[in-house]
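Student: could you look at this predicted model? Sequence included:
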Amino acid sequence: QVQLVESGGGLVQAGGSLRLSCAASGSIFSINAMGWYRQAPGKQRELVAHIASGGIINYADSVKGRFTISRDNAKNTVYLQMNSLKPEDTAVYYCNAVITTRQAISVTSRYWGQGTQVTVSS
């Protein structure tokens, strides 16, 4: 069994910063890509940032230059540093990881965290 546990959300004023963390635990053989998605009320879930196992990073255009994704492979953890936050960044942020478990090393599966609320006030 694999779990992704997020932390670091909260309420911040526009222009402020937050740092999200997501730690993967359980019977993990390897972690491929990790990323962050978000879903605002009434909108579809969208990709925010993504980092592959080789280090290739992609960002949504709306967060480029403001958000930074990083990962600590030794800790199975991915981070999202969010600076210059805007009210339109308000959403539930979800961690995502593509993981191979020890029980099935020929299979990769996508796992989701429970989500953490980020609210940016104007």
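Tutor: Arrived safely, thanks for sending.
Student: now do the spatially most central residue of the chain against Asp89, distance only.
Tutor: What sits nearest the mean C-alpha location of the chain, by C-alpha atoms, centre = their mean, is Trp36, with 2.6 Å. The gap separating Trp36 from Asp89 is 12 Å, by C-beta to C-beta, to the nearest Å. The C-beta positions use only the backbone N, C-alpha and C, and glycine is treated the same way.
Student: right, and Gly16 touches Pro87 too?
Tutor: No. With contact defined as C-beta atoms under 8 Å, Gly16 does not count as touching Pro87 (11.2 Å).
Student: now the common contact residues for the two.
Tutor: Val120 (C-beta atoms under 8 Å, 6 or more residues apart in numbering).
Student: looking at these two, which is more packed in?
Tutor: Of the pair Gly16 and Pro87, Gly16 is the one with more neighbours under other C-beta atoms under 10 Å, namely 14 against 11.
Student: which SS state does that one fall under?
Tutor: Three-state assignment for Gly16 (DSSP: H, G, I helix; E, B strand; the rest coil): coil.
Student: circling back: ok so the residue nearest to the centre of the chain is a strand residue?
Tutor: Yes. Counting by three-state DSSP, Trp36 is part of a strand.
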